[in-house]
Structure formats: C-alpha cells, structure tokens
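Peer 1: just need the structure, nothing else, for what follows:
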Amino acid sequence: MSRLDVICERIHDAHGPRWERGGICVACVAEMMDRSDVSAVRKRAALVSVMRVDAARELLYCEEQRRIHFITSLLKTLFSAVDSSLLDQTVQVLLQVTLDVPNQALLLFILDQIHSRWTDGEKASLSSLTFLGKLLDAHPALSQTLTSSRLCVLECVCSALLVSDEDVKAAVCYVMFRIWSFSAAVQTLPDTLRQRMCVLLLHTLSHTHTTALTVNCLGVVKQMCQYSEVVCVLMSLKDGGEDPLPYQPLPLILKKLLLSAQDSLQVVSVRCVCAVLIHAPLHFSSSFIQADLPEFLLEVMSGGCSDVLLWSVFSCLLLLSEDPLFFSQCHAVYGVEPLVRSLKEALGKSNTEVQKKGLELLTVILDRPNHQSSPVQLADVRRIVEVVMSKITEHHHTRSRESCSGSKSGVLLQTLTCFDAACRLVEACVCDSSLKDGVCSAQETLDSVCVFLLHCCDAACIPAVTGVCERISSPQVLQLFLSALSRQFSLCPDHMTSFSRKLAASGFIRLTLESKAQLCSGNRNVSLNQICCDFLLKLCMCLISQEHTWTSELQDVERVLQESLPSLCCCASDWLSVLSDFPQSLRNTQHCLIYLLHLSLLHGDRFLSDSAVFCAVLRFVSCVQDLPASVLSSVLYLLSVTQHAGPRLDTVSVSVLSKALSSCPLLFSRALPLSVLSLIFLYPELSERFGAPALTGRLSEDTQEQELLELLHTNPAALLATLAVACDAESAASRSAVAVLLCFLRSADSLSISGTSDLCDQIRSVLLSVLQRHTHTDGLSVLLDVSSVIHSSAQMEHTDFRLLYHVSNLVGKLDSSDSEVLLSVFNFLYCFLSVCPPHTTDRAVSLLLGNVRLMELLEEVLSASSSSSSSLLCSSLLLLSSLTLLQHKHSAQVHRSVSVDLHQIIRRLAFSKRHTDTLLIKCSVRFVQVCLDVDTSALLCVCDAALQRPLTSIDGALHPIGHSGATSLMTALSALMLMTQDLMVSAALNCLGSLMGFLRRRSPETAQHMVCQPWMRFLLFSLLSCDQRLRPAALQLLTQLVCFSGGVSHWRTEVESVCEEIEKQGATNLTDDGTHTLRLMLTQCCALSPPDDLRMRMEAIQESLRHLPPSESSSRHMLRVGRVSVCLSDFTISTQDL
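Peer 2: Numbers count the residues shown, from 1 in each chain. Prediction:
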C-alpha cells in the first residue's frame, strides 16, 4: 500500500514527520477515526496498516492522552458504525490495545465507557456485546471485576436478554458463559443477580427460535450447573407461566430439545441433564423420570446417533439408573433392545469411551435381577452377551500398544463386569427353582444360554484376559474373570469335564496361584483371594473326580483343599521349602501342594523344574510316614513323571517307597497311572512285590488296551507280570490281561522280545509251570502265543523240548471246538518247527508225528474248512506243511495219515474272491507247494475223487492233481503273481516253480507246453514293467521259464531287456534278494549255451556284481499276522538252483 493511500491528504499537511512510522502517519489514522466524512473502507484500511506496524502502535500508546483519545474514538466507531468489516477490525484493534498495554485502569475505563453509552440511551448493540465477550476471553480476571466493582455493567448485559434480537441474546449468553467459567467471579456474584440470571435463561430457552441462541443458553446452563447451589435454584423454578417473564421448568425444556432433529441440541441438552444429576442423582432424577425423560433418551438412542450423543445418552441413563424409580417404571426393560442395538453398533467402531459407557449401563441393568421382568428374557440376555463378546474379541485381536491404554483396559473391565453380571443372572435362574420356572423359553432354553455363556468364556474371555495378564496383573480384571469362570461350573456341569481339562492344560492352576501370590499376600485383595480359592477348588475337584485314583477319597481331598487354599499365597519357588518342613501344622498345606503339583503336571503345566519337584517330593515321602492313599498316589505320580530329571533311586529311597506302598494296600485296588507302573517296574525290588498287584488293579478297571502296550514293550518285567495275571483264575483282571497281551502280540516284534534272554527264560518257566498244573484258561492260550513269538534257534535248549512235550500232551486233551487254544497250540508247534535247529528237527517231528490226536485235529479242521475260523485254517495248513516237509526229509515214521482234499484247496485258489482272507490264500499256496515238492508223502492222504474214472494217461501221470488241476493251479498262480503284495507274489512264484518241477518230473511235454503259453510271456512282461524297476519276482520267473523251456532262445528278448536295464541303471539299486536272484538268473542262462553276444553281456554283468557284498541267507524271522505266526522264510522267493 502506498503512502498516499493511507494518509488523508486534507489533514496530513498539518502533521510533521515525527508522526510517520513505517510509511504510515499515525496522526492521520487517529484523526480519521473521529471524522464522519471518511469512508468505512479507508478507516478499516488505516486500522489494518497500524496493526501491522509495531512502531506505529508504539507511537499511538506512548502518551496516555493520545491512547485514551484513540480508544475513545474506537469505542465511538464500535457503537456507531454499521459496516461489519469495520466493526470486526475495530474489535480486533481494541483487543490488541488492551493486550499491548496491560493496564487495569485502561480496562476499567473501557467498561465505564461501554456502560455510559448503554445508559445514555444507546442500546446494548451486538458489536459491543461481542467485544465484551472477547474482552473477557482475553482477560478472564475481568469477569470478577464485573461481578464486584462493575456490577452495573453486568446488569445491563442481563437486561439485553429481553430484547427481541436473538443474535444479541446469543452474544449476551456468551458474556454470561465467560463469567460463569471464572470461579472467582461466581463466588462474588450476588444471589439476586444469580436468581435473575436463572429466570432470564429459562425465559430465553422457553421462547428461543434459533439454534445458535439455544446452544449458547444451554452452554451457560451447563456451566452454571457446576455449582450445586445454582442447580438447586434452576430445579426449584417450576412452571412460571404467570410470572412477568414466563418460562418453563428446566426438565420440560430439556425434554423438548431432545425431540429436535438437531444432533448438537440433543448433545447439549443431554449434557445439561448430566450436569444437574451429577450433584445429587437421587434428589433430582425423579423430576426427569416423571417427565418421561428416559423414554425420550431411549428413543434418541434407538434412532441412531453420533458417538458424542450416544456417549452423552449412556452417561445420562447411568445417572438416572441410580434411582430405583428408573427400574420400577420399567425403563430398564423396554430399553434393553435399543441399548443392545446401539451398543452393537458402537462396538463396531473405534471409540472406546462410548463402548465403555455403554457397557457400564448394560452392566447396571443386568445387575438388577430383582427389577427384571418375569419371565427372564433369555433371548435379550444372549443378544446382550453377543454384543459384549464381540468387543472382547476385538480387544484380543488388537494387541498393539494402543490396546494397553487406559481406555482399552477400561473397556475390558466393563465388558467383564457385564459378562459376569449376565452369568450371575443366569446362575440365579439355574439355582433358584422359582426363577427357573419363570424363564421365558420362546426362543432360547436355559441350557442353550448356559452353553452359549461357556462358549463365550472359552472363545473370547480367556484369550483376551490371559493376553492382558501377560503384560500386567489387574486385581479387578482377574476378580471378574475368575468369578465368571467359577460360575461356569454351576451353569454347565455336564461340560466341565472337557472344559476343566482345557483350563488345566492352559496353565490356569499356575495363573491363579501366581495371581494369589502376587496380589493377595499380606491380606491384600481379600475378595480376589476368595474368588481365586473358589475357582481353584471347583477346578481341582472337577479334575480329581475324573481320576480313578481318588474316587474313594474325594471328600478328604476337598476338605484339605478348602482349608489350605486361602492361606496359600506364596510363590511357587517357596513350595519346595514348605515341602521340606516337618511341623504337623503344615501337613494339610503340604498335602495341598502335592495335589496341585499332581494336577498341573498331569495336564502338562510345569511351573517348577522336574528336578526340583523330584528331590522335594522324594524328601517329603522319606520324612513323612503313614500317608493317605490319595497323597501317596500323587507322590508316586510326581516321582514317576519327574524321575528322568533326577538320579536313579538308591537302595534307601527304594526301601522307603517299598515301606510306603506296603503300608497302603488300598492303593492297589485302583487303576494306577501308566507312569507309576513304569516306576514300579523300573526297580526289581518294587516290581517283585508290587508289580502284579499294581497291574491287577489297573486291569480290573475298564482301561484302554493301548495304554499298556508301551509298558509291555519297554519293561520285560511288566510283560511277565501281565502273563502271571492272565494265567490266574478267571477274573476281570485276567480277562483284561489276555486282551492286552493279544493286542501286544499284534504289534510285537519277535526279535525285540527274544532279544532279552532272561525274559524268554522266565516266560518259558511260566508256561511250563502252567502246563504242568494242567490249567486250561484263556491265559494259557495267550501264554502260548507269547511263547511262539520268543522262539529263536539260537536260544533253543532242553526247556524248549520239555515245553514241546507238554504242549503235545495238551493237544491230546483238546477238541476241535476249542478253537482259541487250538490256534495257539498250532502256532506254537509251527514256530517250534520253523526255528528248530536242523540237527534237532528229526527229534521234534518224530515226537509230533507220534501224536495221533494231533493228526486227527488237523484233519478235522481242514475237512471242516467252511466252519473253521480263517486263522485256525491258516495255522493248520502251515503246521501240516512243516510236518510234511520234515517227515519227507527225515523219512520219519507216520502213525496216522491226514486226509486232505487237495482239489478243494486248488479250487479255493482258482475261484478266490476279493473278500477272501489273503493270509489263507498264502497258506494254501504254501501247502500246495509242499505237496508238489514231496510228490508223495506217507503223512498225507490226498483225495482224488475229483478225477474222472477211469484215469486218463495224463491224469494218471499227474496224479493226484490231474491235468485239470494243474491247469487251474497254473491259472490261479498267474493271477496271484499280478497282485501287489510281495509275500503273495513270492508264495505264488515259489509254488509255480514247484508246479513246473512236478510237471517236468511227471510229464515233460505238459511242462514244455505250459511254459510256452502266451500268458506266460504276458505275465513276465507285466512283472518286468511293474514299478519301472527289476523286481526279484520278475527275475525269478524269467529264470524258471528259461530253465524249464530248456534254452534262452525262446526268452532272448526278455533276457536282453534285463541286461539292458542293468547296464543302464546298474545293480546298486537292487535289493539283496534282487541281486542274488540276478546272479542266479545269469548263471542259469549262461549254463544253457546262449548266443555268444548275449553270453558276453551276461558275463560282463556278472563281473560287475562281484564287488557287491554277498546276500544274507533267508531269515528265520517270525511274523505275527493277526492271530497267526508266520515264518518269513516260507514265503520269500526261493533262490535255490533249479
């Protein structure tokens, strides 16, 4: 701006240079304010220029007279100007002057000037009131001046509320708000003027038409309500319709404002109600309740509103709910639905303060069951809890630093308070029959709500609270949380079995005990301690009732826990010293600690090191005598599961345990845990005295068989003890022992059992003792099965032949209907013959062939194949196969032959179906193979009724199977070799070799014809291309075909294919059996004068195989297949030269 634009040309000539600062003539500016011929635009521009230059303002203020004159001119402009921009600039300049010159006298001068103009007939203009309000903003202490020495100014301000201009009234309200915002000014305000202000405000609110005035008036009212004496005045002003200044009572005014559609008015009116109620809710709430204000608040809430308004409504209803009248008029009942709906919306947002207030209100309503409607609205309760749980879930998933803030923690605390109140309400319905009968079941049943509360506790409360407890321990949160958990035991007793286990496995025993130690020691937080003890007692008793070891001592255990838990407020690290003390007064506390350690370790919660627990418990049991059965059971469990962390028990400690066990025979009448049994069987001193009784107690219960299998596999003494129990008189324990042993046999490995020579000797002794007593029980059968598994040629001794003699005698007392014992006997005899050293087999087979009853039983079982069990048939075929081979080998004397229908067995193979037992097929193939190998046997009387009479030459040559039998068998074996089971393929291949040998001996033309059939080439092709690798079966079949055809020429393509595969892949990927079979094939092929090129290739391959280690001989390993013992050497590929 140029200099000429600022300086008035007509008056500037009279001013000297000393009035210029920053290109502005200060004298011109001062004179311009007094002149009426200067435009408002130039005046405003001059004021703006002066305010921008500090030096110009200093020149104006340097003389008091000049300053007073300038202020007077500005005040004149303030009252006379009509241009709004000039008025605004004038107000700014006046305020800046009061700030630049902080002088109380100057402020008083301004107030006096304003008052003199108001009293001289000039109305309290909007601009002057606006300036006064801003002046009070800039100088708050000036409010006290108005209420003391310049009261006349304040009276004029109040009178301005009677004008019709609502903008002026709004400015007046702003001035009054500034006065009521300064507490010192309020204290000096005369009572009469205070009363007048209250009446004027209610009059103004009753007749206002603009939002700005209403908001300003309510702001003043809210500020006035900070003072209880003013609240009394406002609430005492009843209907003033007959007064000179008619007005409505404050509750009615606020109620009408709630009906407005403007959110701002509703917020301010609700906050005014809160400001009134905050002083004395019980004294003032009745006026609002009788005016139906709660109903209007609930309507506002149900209509959807902003967070600010919703928070205000929640706060107001919370204050109103302190008056019983709020519940007696059923506001809480019909307000539940809009409350739940609005709270659900709030929980979906991020404003935690709104959520906290809503949950507080919901908790208060739920916490008043006496005011609930009858019947109890379970659907509403569930809907409320669903809303609350959604917030807990959100709290759990927001695990940032913000989630740990005070507002978030407050939301969690209020949410838990609400949830606990809901659980308490439903618990009252469950426990009180009168309430239970009054439960509304239209949509929800009481049981379904109880299950729902348990689910909420499990899915929402537990993750959220445990996450908080990891960071900070809050007594209030823990108390509410554990209280809700404790109530679940009353709400859902049927679901507590699994839920209590989950709690224990999640570390809740440790969490509660650590919380007690941290927060309740020294008689702190007594209520929390009580809740912790109640929860622990319910949790522990629920867990204990599930354990068989404590069934008879539940009351004693509960008494110990009930007496000891309240005083147990020490850290877990101090427990060890408590267990080491010996005063009798600590005995119950020590027992309580033993129980708690037992339960926590039982469910995988270790809050003390295993080594520390082991040493402390061992010291405890060494120093305390005559322990109750429940305590001794817990001690044994703790020692058994922590023994890995401590040294092996010495002789003294074992003696102490032995003495303790001897003093408590009641202990063995229950099912001891598997770990305790392992501890007993770990020490011979304990297993000899207590092994069988401990197993008897365990087996007398309906326990799972699988649980004892690991014990039998790892503890030979346990297996021996189980056999002893199984061989006792018929009882529940013996029957369970038999079942366990049978399950053990199905999973046992003969090498793992027979590897323990002492055990094998002891098992033989037990079996020999039972056989000598002539006892015939289920235990005898399983004992024979165990003995079958432990046979090995390296351990065959005189005792084994004594057993063979007694088992042979036992056969003479059996009938074919004794299928179980008969199966075990056949298994035993077959295993004996399979693993018997070669130099003793003649003795064994002679003994058995002399047993006529054995031959009769074999014949009866085989002849009744349709009614006999599959396992018994398999065992009979295997035993008869071994007897036939050994009789043929040693030419042993036969006292009675066994009639066998070989054609029926071949038909079984040829027409077997998918459901046919595969083991029976394998055993049948093995038996047919033996029959073909021996040609004729004095032991076997093969039925030939299936052959036509008279016999043809070919049938006679191939007697007893005939041509049709040979063809059927060839077809059946070809089909079996295409199966995927290695044992089946091996058995079929061995039988095929025996058949071809039988045919070559009896009818070479038939053998040559069958070898050259197309299906043989197809079969060979299938085996060679299977799995893209050379299988031993394919190599063995090719060897057989080459040998039985008399040359390589017919199978040259296949032989070259094998050579090519070996040359390409090498022989390293072949198994031992495959390498041995390959060597045999190459040797056989080279011996049959192959073409030179092929022979050279095969010799080269043979040379490459020389560096490979030789294959081990065929294993005599026994395998259990179901109930049948099988010698693997009978079903592996025969690699003997053809």
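
Peer 1: so what does the longest helix anywhere in the chain touch, helix or strand wise?
Peer 2: The longest helix of the chain (DSSP state H) is helix 406-431. Counting contacts by 3 or more Cβ pairs under 8 Å, 6 or more residues apart in numbering; DSSP states H and E, helix 406-431 packs against helix 352-366, helix 378-397, helix 433-437, helix 446-456, helix 462-469, helix 475-491. (Each C-beta comes from the backbone N, C-alpha and C, glycine too.)

Peer 1: what mean pLDDT does stretch 1131-1138 get?
Peer 2: When pLDDT is averaged over stretch 1131-1138, the result is 68.

Peer 1: mind listing what's buried in the longest helix of the chain?
Peer 2: 408-423, 425-427, 429-430 (16 or more other Cβ atoms under 10 Å).

Peer 1: circling back to that earlier point, least reliable of the helices and strands packed on helix 406-431 by average pLDDT, please.
Peer 2: Mean pLDDT per stretch puts helix 433-437 lowest among the helices and strands packed on helix 406-431, at a mean of 56.

Peer 1: which residues touch the helix or strand encompassing Leu298?
Peer 2: Using DSSP states H and E, Leu298 falls within helix 293-302. Contacts to helix 293-302, defined as Cβ atoms under 8 Å, 6 or more residues apart in numbering, come from residues 251, 254-255, 258-259, 266, 270, 273, 288, 309-310, 313, 316-317, 320, 326, 329, 331, 334-335, 337-339, 341-342.

Peer 1: in helices, which of those residues fall?
Peer 2: With helices defined by DSSP H, the entries of these inside them are 251, 254-255, 258, 266, 270, 273, 288, 309-310, 313, 316-317, 320, 326, 331, 334, 337-339, 341-342.

Peer 1: run through the stretch 451-600 of the chain and note the low-pLDDT ranges.
Peer 2: Applying pLDDT under 70 to the stretch 451-600 of the chain picks out residues 548-552, 582.

Peer 1: domain assignment for the protein?
Peer 2: 673-790, 803-1011+1122-1138, 1028-1107 (automatic domain parsing).

Peer 1: picking up where we left off before, most neighbours per residue, which of the helices and strands packed on helix 406-431?
Peer 2: helix 352-366 (a mean of 24; mean count of other Cβ atoms under 10 Å).

Peer 1: circling back to that earlier point, between the longest helix of the chain and helix 475-491, how many degrees?
Peer 2: Relative orientation of helix 406-431 versus helix 475-491 (axes from the mean of the first three to the mean of the last three Cα atoms, to 10 degrees): 20 degrees.

Peer 1: now helix 406-431 against helix 462-469, angle please.
Peer 2: Interaxial angle, helix 406-431 versus helix 462-469 (the same axes, to 10 degrees): 140 degrees.

Peer 1: how far off centre is helix 406-431?
Peer 2: Distance, stretch centre to chain centre, for helix 406-431: 23 Å (Cα atoms, centre = their mean, to the nearest Å).

Peer 1: now Gln96. Nearest residue, chain neighbours left out?
Peer 2: Excluding the flanking residues, the one nearest Gln96 by Cβ to Cβ, 6 or more residues apart in numbering is Met51, at 6.2 Å.

Peer 1: ok, that neighbour - how many residues close by?
Peer 2: 15 (other Cβ atoms under 10 Å).

Peer 1: in three-state terms, label it for me.
Peer 2: Secondary structure state of Met51, per DSSP: H, G, I helix; E, B strand; the rest coil, is helix.

Peer 1: now Gln226
Peer 2: With three-state DSSP as the basis, Gln226 sits in coil.

Peer 1: what of Val1126?
Peer 2: Look at Val1126: counting by three-state DSSP, its state is strand.

Peer 1: need the contact list for it.
Peer 2: By Cβ under 8 Å, 6+ apart, the contact set of Val1126 is 878, 919, 1118-1120.

Peer 1: quick one on the thing from earlier: would you turn the domains of the chain into a markdown table with distance to Leu162?
Peer 2: As requested, those are arranged in a markdown table below (distance: least, Cβ to Cβ, whole Å):
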| stretch | distance to Leu162 |
| --- | --- |
| domain 673-790 | 92 |
| domain 803-1011+1122-1138 | 108 |
| domain 1028-1107 | 109 |
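
Peer 1: between the ones you listed, which one is nearest to Leu657?
Peer 2: domain 673-790 (6.6 Å; Cβ to Cβ).

Peer 1: what's the host helix or strand of Leu862 packed up against?
Peer 2: Here Leu862 sits within helix 852-863, counting by DSSP H and E. Counting contacts by 3+ Cβ pairs under 8 Å, 6+ apart, helix 852-863 is packed against helix 798-811, helix 819-835, helix 870-890, strand 898-900.

Peer 1: quick one: closest of those to His69.
Peer 2: helix 870-890 (128.3 Å).

Peer 1: hang on, the earlier thing: from Ile1062, how far off is the residue nearest to Gln96?
Peer 2: Distance, Met51 to Ile1062, using Cβ to Cβ, to the nearest Å: 108 Å.

Peer 1: what of Thr884?
Peer 2: For Thr884, the distance to Ile1062 - Cβ to Cβ - is 38 Å.

Peer 1: again, but for Ser669
Peer 2: According to Cβ to Cβ, Ser669 stands 68 Å off from Ile1062.

Peer 1: reformat the helices and strands packed on helix 406-431 as CSV; add distance to Val172.
Peer 2: Converted to CSV, these look like this (distance: least, Cβ to Cβ, whole Å):
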stretch, distance to Val172
helix 352-366, 33
helix 378-397, 45
helix 433-437, 58
helix 446-456, 55
helix 462-469, 52
helix 475-491, 48
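
Peer 1: so what's Thr208 closest to, chain neighbours aside?
Peer 2: Thr208's closest residue in space is Thr214 (Cβ to Cβ, 6+ apart), at 5.1 Å.

Peer 1: thought that neighbour was touching Leu205?
Peer 2: Yes: using Cβ atoms under 8 Å, Thr214 makes contact with Leu205 at a distance of 6.8 Å.

Peer 1: follow-up on the earlier one: and Ser669 and Ile1062? Which one has more around it.
Peer 2: Taking other Cβ under 10 Å, Ser669 and Ile1062 do not tie; Ile1062 has more neighbours (20 against 13).

Peer 1: could I get the contacting residues of that one?
Peer 2: By Cβ under 8 Å, 6+ apart, the residues touching Ile1062 are 1030, 1078, 1101.

Peer 1: host element of it?
Peer 2: Per DSSP H and E: helix 1052-1065 holds Ile1062.

Peer 1: and the helix or strand that that helix is followed by, what's its mean pLDDT?
Peer 2: Next helix or strand after helix 1052-1065 toward the C-terminus (DSSP H and E): helix 1072-1087. Computed over helix 1072-1087, the mean pLDDT rounds to 81.

Peer 1: send the alpha carbons of helix 1072-1087 over as PDB?
Peer 2: C-alpha atoms of helix 1072-1087 as PDB (Å, rounded to 0.1, in the frame of the first residue of the first chain):
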ATOM      1  CA  ASP A1072      19.800-108.100  -1.600                       C
ATOM      2  CA  ASP A1073      17.300-110.600  -2.800                       C
ATOM      3  CA  GLY A1074      17.200-108.900  -6.200                       C
ATOM      4  CA  THR A1075      21.000-109.100  -6.500                       C
ATOM      5  CA  HIS A1076      21.000-112.800  -5.500                       C
ATOM      6  CA  THR A1077      18.200-113.600  -7.900                       C
ATOM      7  CA  LEU A1078      20.000-111.700 -10.700                       C
ATOM      8  CA  ARG A1079      23.200-113.700 -10.100                       C
ATOM      9  CA  LEU A1080      21.100-117.000 -10.200                       C
ATOM     10  CA  MET A1081      19.400-115.900 -13.400                       C
ATOM     11  CA  LEU A1082      22.700-115.100 -15.200                       C
ATOM     12  CA  THR A1083      24.300-118.300 -14.000                       C
ATOM     13  CA  GLN A1084      21.400-120.400 -15.200                       C
ATOM     14  CA  CYS A1085      21.200-118.600 -18.600                       C
ATOM     15  CA  CYS A1086      24.900-118.900 -19.200                       C
ATOM     16  CA  ALA A1087      24.800-122.600 -18.500                       C
END
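
Peer 1: right, I'll leave it there.
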